[in-house]
Each structure stands twice: as C-alpha cells, then as structure tokens.
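Peer 1: Coordinates for the following, if possible.
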Amino acid sequence: MRARSLAAGVASLSIGLGVLQAAPALAGSAAAPGRAVIQRSSPAARPRNAVGATAPSSQVSFNVGLSLSDPAGAVELQRSVSDPSSPGYRRYLTPAQWESRFSPAPSSVEAVTAWLRAQGITVEAVTPDRITIQASAPAATVERAFATSLGEYHRAGHVLRLANTPLTVPASIAPLITGITGIDENLATPTALTDEPRRSSSTAAGKPIPQPEGFRNGTPCSTSYAQKHDKTDPAYGGGYPETPPYAVCGYTPPALQGAYGLSSQIASGIDGKGVTVAIVDAYAAPTLLSDAQHYATLNQPGQPLKGGQFSELLSPTFNQIRSCEASGWFGEQTLDIEAVHATAPGAHILYVGAKNCTTGLYNSVQQVVDGHRADIITDSWGQNGGDVLEPPESRAAFDNVLLMAAGTGIGVQFSAGDEGDEFINFGRSVTGYPESSPYVTTVGGTSLQVSAANRRVGEVGWSTSKSTLCTPTLAEQEFPGCTSPLLNTWLPPSPGKYLYGGGGGTSFSYPEPWYQAGVVPAALAERNTGVTGIANRVEPDISMDGDPTTGMLVGETQVFPDGTYYDQYRIGGTSLSSPLFAGVMADADQAAGTPLGFVNPRLYRIAGSAKSARAFRDIIPAGPQANVRVDYVDGVDATEGTLTSVRTLGYLGPERFCEEEKCTEQPVSLNTAPGFDSMTGIGTPGNGLIAALSKP
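Peer 2: The predicted structure follows:
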C-alpha cells in the first residue's frame, strides 16, 4: 500500500511483461490432493527482490474475505441504483437488506471460522456483514494452514512479507473464500505532499504517538497565483517564462470555493449540511479538532467548524506504530479534515482512525459501510502498482465491500496517486489499487491558478519536473552536480527531471466499465489490449487541485525547535484532490435532497451530454509554464540556507526508471486533451456541476 506521496529512497521494482499477462484461472493452479488454490502469489514475490524467510514467530494479521451468496446480483444492484436511466436509480437497500440478499450465509462463516481455529489461527472478529473474518497467527501457523511459505521482499521502499507460493485450503471450503488480504504485507504511508522531506517523530513502545516535526513554507511565496515573480534568478530557458511566478503560499478555503464556483452556492445554504463525509486514515492526532477549528477561525471567516460537526470513530488500539511511521499520518488527517470543510463547510465530518496502515485501513472502510455511518467516504491511500501486484482474489475481497457501499447509497472515493503513470517506480506504466476498481470514484490532480479575487484563471494537468539552482550554499553541502563551474545555473537544465504528478492510466485487471463506454476514447481504453485482449478501466474519473506548488494552506500542531505549537504550511497531492471533491459531493447530496451514492455513472452521463461544458472544466494543454519555489534546507527556517527550484506545470517530457544502475526512459504517458484524458479524466468541477448532479 502507499499513500499519495513520494517516499524518500523508494526501492525500484521492475515489472516484466510476463507479470502483466492475464492471471491464469485458479482451477489451473497446482494444489495438493484434496486442496484448492484460493489465491495466487503476488508477482512481486520474485527471486530478484527476495531478502530472506519470514521469522516463524512473527505475528501475521489478515482478513479472510468470504464469497457473496449472489455476486452477480450484487453487481447488478450496484448498476441499477447508480444508473440514471434505470428504474431502480437511487433505490438503495439498507445494510440489513443488502446483507440478507448478498452476504455469505452464516453456515459459510461457521465452516471457515471452524477451519481457521482448527489450524491454530485466532479469529479476532467477524464483520457484521459476514463478508470478512479478521484473524491472526504466527507466520509458521499461517504457512502450515495455507500450505505456503512466507518470505521478505523489497517492495515499494520497504522490506515486506509476501507468500512465496499460492495459498491453498481444503477443497471443501475453497468455494466459500474470495481471497485473503494481509498475508501479503503492504504499508501505506502518509499521502499528503509538502514536497520536501518531512521527518516523522520517533515513538517509543507504549508511549503516545508524538506530533510530527515542524515544516514551514520558504519565502518568498505568493498569496494568489502570479502575485510575485522571480526577477533575480537566471532565466530557465526552453520556452518557459523569463520571470516565472513564485509558488503560492497555499490557497485558503475562500480561494478554493471561488475557483470551483462554490462561493455563491455556499452563501445560499448549499454547503453540505445534513451530509456526513467519512475520512479514513491510520491513527489519530490528539489535536485534530482543535487544529481544524483554529484553522477555520483564521482562514474561513464566518464558516466555523463547530464541535457538533465533527466526530471520531477510532480503533480501540493502534499497532505497527514504528513500521507505519504513525506520526507521519497526522498531516494527512489535518489536510483531509480542513479540505472537506473548505468545500463543504456545513457537512458533518466523521474521522475514522484505523488500527494500522495495513489491513486496518480496509477494515475501517468496511466498518463505515457496514454501519452506514456516512454518505461519502474519502480515502487518500492505496497500493503502488496494486492493479497488477495485488493478487486478483485479494482485490475481489475488498471489491465486495465496495459493492455493498454502492448498493446502500454510499459514494467511495480514492485519490489517484502522486507518481503519474508509476513508470518511475516499476519501469512500466501501471495503476494502483483500490483506485483502479470500477466501483470507486478516482480523483486525480491539477495545478490550479487562482487570482487575488478568488477566481480560477487557469488550471493545468498536474505533471511536474524540477530543476534546482546551484548556489554556493549547495556546493558546500555537496548537492549532486552542483560545483563551482555550474554556480547560478539550473540543475538539470530545462526542462528538468520528472518529479511527480497526478496518478492515472489504464488498468490491466478490470474491463472497461459500462459507464465509461462512449466517453473514454478507445485509444485509452484499449491501451493494454496487447496483454488483456479487451478494453479496460481508465482512471482518474475527475480531478481537482493537487500540485503541491499550487496547494492548500493547512494548519497543524507540530514540533519545532522552540516548542510544540500550531503553525501553517502549504500541502498538496491527490490527498488534497479527493477530500476537496468529497466536499463538492456533500454539497451535491444536499442539493439533491438524497445521497447520490456511487456517482460515476452520473458523472459520465453528464460528460457525454450537452451539460458537460458547464458542469466540467475541460483541462487541455496550456504551453510551457513553471513556478519558482523556495524551500528551507532544514524545513523550518533559513538557518541552514534555502533551496530554489523551478517546478514546471503540465510536463510531458521524459521520465526515467533506474534499477541496479541500469536506466530506461519513456515520455510521460499521461497527458491532457480535449474531452476525457488520462491525466485529469472528465476534467474538474465547473460552476454547473452541483446543479447537474442534483437534478433527477
């Protein structure tokens, strides 16, 4: 799993073409007599990535997903209640009704739990919807039970546990199981981007999770787009502006409301009142509410976050504190809450703090769905390359939860990621999971330009390259490539090196969903037909501001050299995009007078109609643009000097993947274009989107 951020020192993992071939049927997989394969091993479990065997005594927490009693019926219901042309549109079931029709039979739960216990596995809980059995056991017990072996592998910058061979169970219970999550270990990390390295505070065992170490914007920066221009540094060249604007200090809620046409609607009372937005992250900062309230007081005049608008649903205990870098999640939580309140100041916010950054996140989403605790769920986490690296059975287990969400009228959103097409991570253009699932709304990122009058004056697809100005300070610190002959030049020269961008692309695992047909260009949907043989799901679906250089100002309690206190800084990533859109959807739910639920079919229906021009802003190429950004070397002040860099907007140059000193390049495969595109999807919310969504 990963958050929507770039982690320092990410280890490479190439994906060969063979890995991307369609997975063989389970029936054709080898298993001992009397046993059946229930889950294939991950393609990431390759010898070249192996570190060693998993310690037999290490504890493994995992979920067993049980097969729905009528999976085809659950898919059909999802389509019926979300298709505007269907007689069943918005005729949602209650959780109890959905469980009665589609959940696994109690006898299935009893059979699987009995088998697990007989193997020496502890059954921690069975979810009320009967879809998931939460379990744990030592690694040696897991290996014996599922007739596999576990190993440690380099994956996504960590050393993680993976099953070396497929998981098998007795043939008598195999049909009852959809898949397993958690035996293959994945760690999500905080997904928001300040864009410069930010350390997490260390945590001693049994001690409270501390606040993260402080971060501040470098100066100069602008309060609105292009308010200040860099007229002192050397020209960047390459057709980019000679005096590019400085990065914004961070947009405040009035700027974001104005840019996306929400100001007048919020003033008229369409502000998300009566709608609950759930935010799912790992752990819980002790100052979440007080920070968000203080932030609203400073930056959102007349739109306070009242105590009655906020509640928490927290795991009774937290674990994996060190491996998940728990305090690093606090900035994500802060961003999510303040961003939702920015676009839906009247909505109720339910903060859901998961037990950890592994299976806990999936369990927390399921807890919200099963209890129908919210109308909208926003998630800014996922798994890099999960569309191909996550076994299909494991994905199917969580997809069942997403089907229940759609059938009961809950809209689930995932951010699209911050590493573009992920070529820089894997040497192939792939997508992540859960954002590749056809049952979620995937939100991509843009670079937003807002004037001093809070008007959107430009918006570009978020794809960024970076060049750093070589200065005497950096030369003394042995900054790579910065030597005396190159002082006062940009390294690398224009157009720089690809840094990051909003996620997107074409799935290798999911067919093109019915709602994308006729809107998504065939060239995108059929990009992977050489491997899959069919048209496939393309994401993101829609986008909002995500570029950290044009990001949002947030406020959070942090640990500074002179004490622990509240301060503000700019932050971005599609971790910003998703909660911003969740707020827009809360406004739309209120305007409609009913939950809109899984909104993709309606979004694509509007995109293919005459309403499209007013409902969405079509993001198209805008020519060479760039910002100059100043950052503190120590992240706090200028004591240790500053870094000056150029960050391009809408970058379409080469991106590079390196492994074992061998590098390959390709042009960035995501781009903007008229209509639906692979970088921003349908586009971004226009002034007429809420009206278009709320009408029958």
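
Peer 1: and the residue nearest to T165 when sequence neighbours are not counted, how many neighbours?
Peer 2: Among residues not flanking T165 along the chain, T148 sits closest, at 4.8 Å (CB to CB, 6 or more residues apart in numbering). C-beta: built from backbone N, CA, C; applies to glycine. Using other CB atoms under 10 Å, T148 is surrounded by 19 other residues.

Peer 1: just L469 next, same as before
Peer 2: Quick note: L469 (other CB under 10 Å) scores 23 neighbours.

Peer 1: The residue nearest to it when sequence neighbours are not counted is in what secondary structure piece?
Peer 2: Distance criterion CB to CB, 6+ apart; nearest residue to L469, sequence neighbours excluded, is T644 at 4.2 Å. If you go by DSSP states H and E, T644 is part of strand 642-649.

Peer 1: Please work out the average pLDDT along that strand.
Peer 2: The average pLDDT within strand 642-649 is 96.

Peer 1: circling back to that earlier point, what secondary structure does the residue nearest to T165 sit in?
Peer 2: Judged by DSSP: H, G, I helix; E, B strand; the rest coil, the three-state class of T148 is coil.

Peer 1: now it: how far from I38?
Peer 2: 11 Å (CB to CB, to the nearest Å).

Peer 1: what residues are shared contacts of those two?
Peer 2: 166-168 (CB atoms under 8 Å, 6 or more residues apart in numbering).

Peer 1: what's the closest of those residues to V60?
Peer 2: L167 (12.0 Å; CB to CB).

Peer 1: ok, what's across the strand from the closest one?
Peer 2: Beta-bridge partners recorded for L167 (DSSP bridges): Q39.

Peer 1: following the strand holding T644, which helix or strand shows up next?
Peer 2: Immediately after strand 642-649, counting by DSSP H and E, sits strand 654-659.

Peer 1: Identify all contacting residues around that following strand.
Peer 2: 12-14, 420-421, 423-427, 497-498, 663-668.

Peer 1: distance of L474 from W115?
Peer 2: With CB to CB as the criterion, L474 and W115 are 61 Å apart.

Peer 1: circling back to that earlier point, which secondary structure elements does the strand holding T644 contact?
Peer 2: Helices and strands touching strand 642-649, as assessed by 3 or more CB pairs under 8 Å, 6 or more residues apart in numbering; DSSP states H and E, comprise strand 463-469, strand 625-632.

Peer 1: what's the most buried one of those?
Peer 2: The highest mean neighbour count among the helices and strands packed on strand 642-649, using mean count of other CB atoms under 10 Å, belongs to strand 463-469: a mean of 25.

Peer 1: Count the neighbours of the residue nearest to I180 when sequence neighbours are not counted for me.
Peer 2: Closest residue in space to I180, ignoring its immediate chain neighbours: Q39 at 5.3 Å, by CB to CB, 6+ apart. Per other CB under 10 Å, the neighbour tally for Q39 reads 28.

Peer 1: Could you pull up the mean pLDDT of stretch 559-568?
Peer 2: Stretch 559-568 comes out at a mean pLDDT of 96.

Peer 1: what comes up buried for that stretch?
Peer 2: By 16 or more other CB atoms under 10 Å, the buried positions in stretch 559-568 come out as 559-560, 567-568.

Peer 1: Secondary structure added to these, as TSV?
Peer 2: Formatted as TSV, these follow (three-state DSSP):
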residue	secondary structure
V559	strand
F560	strand
D567	strand
Q568	strand
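
Peer 1: closest to A339 among those residues?
Peer 2: Of those, the one sitting nearest to A339 (CB to CB) turns out to be Q568, at 13.9 Å.

Peer 1: Among the shared contacts of T148 and I38, name the buried ones.
Peer 2: 166-168.

Peer 1: could you dump the residues you listed to a markdown table with pLDDT and distance to F598?
Peer 2: Below are those laid out as a markdown table (pLDDT from 0 to 100; distance: CB to CB, whole Å):
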| residue | pLDDT | distance to F598 |
| --- | --- | --- |
| P166 | 96 | 32 |
| L167 | 97 | 30 |
| T168 | 97 | 34 |
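
Peer 1: which one of those residues sits closest to L77?
Peer 2: Once CB to CB is applied, the member of the buried ones among the shared contacts of T148 and I38 that ends up nearest L77 is L167, at 29.5 Å.

Peer 1: Would you check that the closest one makes contact with R35?
Peer 2: No - look at L167 against R35 with CB atoms under 8 Å: they stay out of range, at 10.0 Å.

Peer 1: Quick check: neighbours shared by those two?
Peer 2: Common neighbours of L167 and R35 (CB under 8 Å, 6+ apart) are A147.

Peer 1: count of residues packed around G593?
Peer 2: Neighbours of G593 under the rule other CB under 10 Å: 8.

Peer 1: what's the answer for P87, then?
Peer 2: Counted with other CB under 10 Å, residues neighbouring P87 total 7.

Peer 1: Kindly report the same for A140.
Peer 2: As a burial measure, A140 scores 17 neighbours (other CB under 10 Å).

Peer 1: Ramachandran coordinates for the residue sitting furthest away from the middle of the chain?
Peer 2: Among residues of the chain, the one most distant from the C-alpha centroid is P485; the distance is 42.1 Å, by CA atoms, centre = their mean. The phi/psi pair for P485 (degrees, to the nearest 10) reads phi -60, psi -20.

Peer 1: And the pLDDT for it?
Peer 2: 94.

Peer 1: measure it to W462 for me?
Peer 2: From P485 to W462 the distance is 34 Å (CB to CB).

Peer 1: Check D233 too.
Peer 2: For D233, the distance to W462 (CB to CB) stands at 23 Å.
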